[in-house]
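**Q** Let's see this in three dimensions:
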Amino acid sequence: MIMKPNALQQHDIELLAEAWFEGRLDRDEEAALRQIVAGYRGKSEIIEQLRGVMGFECAMRRGERPARRSPRRYILSAAASLAALLAIGAVVLWRTNTARPDSDISVYRQGRPVTDRNMARRIAMRDMSQSRQFIREMTNMANTELDRTYAIISETSADLPAELRPRFEHPQNK
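**A** Numbers count the residues shown, from 1 in each chain. Sure thing, here's the model as predicted:
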């Protein structure tokens, strides 16, 4: 279908709009219709709808195109990443080289610093041993409570049909 913009009447443009909505126009005819509709000044509901849909389609097509990125952007991104990695590496190396195991340790007894290294080490080992004992006691208490919980669940679910009983294994049995 050959379209001459100046020779088309409103009725002809409306027919073309219907053909476009029905998908009967090829790419060239769509492009020509787009030009005609863009410059059309008459009043018609179907032409206004066509103009809106074509505008939306054009905007969506524009949004689908990937943005072109310049090579400079890739180079700057790579340089920034490299600089960040170098900075992190430098900080880590600096921290590991400046930290001395004995220089950062301070032991206080009754509010006074302990200056004798052997005494400080004995105090630290005693405190560590007490902390471990406390952790063992708390773990034993938690396991006892867990055993009680599993026993209660088993007792209360014993009357239920097998398919409704909770399926679990005690962590110590795994």
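**Q** And the residue most central in space within the chain, which helix or strand is it part of?
**A** In the chain, the C-alpha nearest the mean C-alpha coordinate belongs to Ser81, at 20.2 Å (CA atoms, centre = their mean). When secondary structure is defined using DSSP states H and E, the element that contains Ser81 is helix 71-98.
**Q** Beyond that helix, next helix or strand please.
**A** The element immediately downstream of helix 71-98 (helix or strand, assigned by DSSP H and E) is strand 108-109.
**Q** Quick check: neighbours of that following strand in the sheet, parallel or antiparallel?
**A** Based on DSSP bridges, the strands next to strand 108-109 in the sheet, each with its direction, are strand 112-113 (antiparallel).
**Q** what pLDDT, on average, does the strand it pairs with get?
**A** Here strand 112-113 scores 86 as its mean pLDDT.
**Q** thinking again about what came up before, what separation do you get for the residue nearest to the centre of the chain and Ile75?
**A** To Ile75, Ser81 is 11 Å away according to CB to CB, to the nearest Å. C-beta coordinates here come from the backbone N, C-alpha and C atoms, glycine included.
**Q** Ok, Gln9 next?
**A** Counting by CB to CB, the gap from Gln9 to Ile75 is 58 Å.
**Q** List the buried residues of stretch 136-153.
**A** When neighbours are counted by 16 or more other CB atoms under 10 Å, the buried residues of stretch 136-153 are found to be Tyr150.
**Q** Run through the helices of the protein in chain order.
**A** Taking DSSP state H to define them, one finds helices in the chain at 10-21, 27-39, 45-64, 71-98, 117-157.
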